[in-house]
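Q: Here's my sequence, what's the structure:
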Amino acid sequence: MKEPLYKRMAHELEQDITQGKYPPGTPFPTEMELCETWKVSRHTVREALRELTEQGLISRRKGAGTTVCEHKPEMQNHPLASLEDLLTLASNNLRVVKKVDEVVADFELSQLIGCAPGSRWLHVASIREDSQTQNTPICWTDSYTSTAFAKIGKLIRNDPYALISSLIEKHYGIRSHEVHQSITAVGVPVKIAKILGVEPGSPAMRIIRRYINGQGQTYETTVSLHPAGRYTCSIVLKHKNI
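A: The predicted structure is shown next:
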């Protein structure tokens, strides 16, 4: 799924704001100025500005123009009641790839992934950077996919916002029928504590997601580690008869 132009524009303008190109309290470029700079339609500019407004990065008032807001980092709170919510989460946080390799699942890893010991998997280690706070990764993720998806390493670098499952669907025609999710409290391992900017053993939330195809087979598993205080997972529970 190709990222819409207005979203790409919003991401870049967001980086300009967080990196200080447009300091808090200063006027933001007008719609016409952005149209000329980006060579896009006014509709595209308005959609991008709407994204920035919803993130609390700019304030738009009729007759007063657009102003950059004071940035106050907040814990990210994401609803996860559907597969579409995962797409929204991914589209707002940049993936930075740390490693791509092939692994053989030992017994411990096979239990985590949901596969047979001895099976081979393509492993992608990455972080998701907080779109609101510069240089603050919200999580570390180890993704395991079938070795049949050999192009994944290249695809994720070309599209750093897309879910790997979305890329698999787009390029290999395999779609998730269900995503089985489990959440556990754990300590941050020593080997990734420094990257996440926390102390080894400090509390974190581990989310394991197994992507299941229509035949009931696991073709991808992601293991994400979120340091305490950087992410909230919101789930709405309802009665079946409502």
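
Q: worst-scoring helix or strand of this structure, pLDDT-wise?
A: strand 76-79 (a mean of 53; mean pLDDT, DSSP states H and E).

Q: doesn't residue 221 make contact with residue 211?
A: Yes. Assessed by Cβ atoms under 8 Å, residue 211 is found in contact with residue 221 at 7.1 Å. Where you see a C-beta, it was placed from the backbone N, CA and C, and this is true even at glycine.

Q: Same drill for the two, tell me which one is more crowded.
A: residue 211 (26 against 21; other Cβ atoms under 10 Å).

Q: mind listing what the more buried one touches?
A: The contact partners of residue 211, taken as Cβ atoms under 8 Å, 6 or more residues apart in numbering, are 165, 176, 179, 218-222.

Q: redo that, cut-off 7 Å
A: Residue 211 makes contact with 165, 176, 179, 218-220 under the criterion Cβ atoms under 7 Å, 6 or more residues apart in numbering.

Q: between the residues you listed, which has the most around it?
A: Going by other Cβ under 10 Å, residue 220 tops the contacts of residue 211 with 26 neighbours.

Q: so what's that residue bridging to?
A: residue 145, residue 211 (DSSP bridges).

Q: Please report the distance of the residue in the chain sticking out farthest from the centre from residue 33.
A: When distances to the mean C-alpha position of the chain are computed (Cα atoms, centre = their mean), the maximum falls on residue 63, with 35.8 Å. Going from residue 63 to residue 33 by Cβ to Cβ, to the nearest Å gives 17 Å.

Q: tally of neighbours for the residue nearest to residue 65 when sequence neighbours are not counted?
A: Leaving aside its sequence neighbours, residue 65 sits nearest to residue 27 (Cβ to Cβ, 6 or more residues apart in numbering; 5.7 Å). If you count neighbours by other Cβ under 10 Å, residue 27 ends up with 11.

Q: for residue 210, same thing?
A: 21.

Q: Please apply the same query to residue 195.
A: When neighbours are counted by other Cβ under 10 Å, residue 195 comes out with 14.

Q: same question, residue 56
A: Using other Cβ under 10 Å, the number of residues around residue 56 comes to 13.

Q: my guess is it meets residue 70, correct?
A: No. Checked against Cβ atoms under 7 Å, the pair residue 56 and residue 70 is beyond contact range at 9.3 Å.

Q: According to the record, where do the domains of the chain fall?
A: 5-68, 76-234 (automatic domain parsing).

Q: ok, back up a step: confirm the residue farthest from the centre of the chain sits in a helix?
A: No. Applying DSSP: H, G, I helix; E, B strand; the rest coil, one finds residue 63 to be coil, outside a helix.

Q: Need the per-residue pLDDT for residue 90.
A: As predicted, residue 90 sits at a pLDDT of 66.

Q: Show me where the chain has its strands.
A: For the chain, the strands defined by DSSP state E occupy 58-61, 65-68, 76-79, 94-104, 120-129, 137-146, 178-187, 203-212, 218-227, 231-234.

Q: Who are the packing partners of the second one?
A: Contacts of strand 65-68 with other secondary structure elements, assessed using 3 or more Cβ pairs under 7 Å, 6 or more residues apart in numbering; DSSP states H and E, are made with strand 58-61.

Q: May I see the buried residues of the strand it packs on?
A: Neighbour-count burial for strand 58-61 flags 58-59 (criterion: 16 or more other Cβ atoms under 10 Å).
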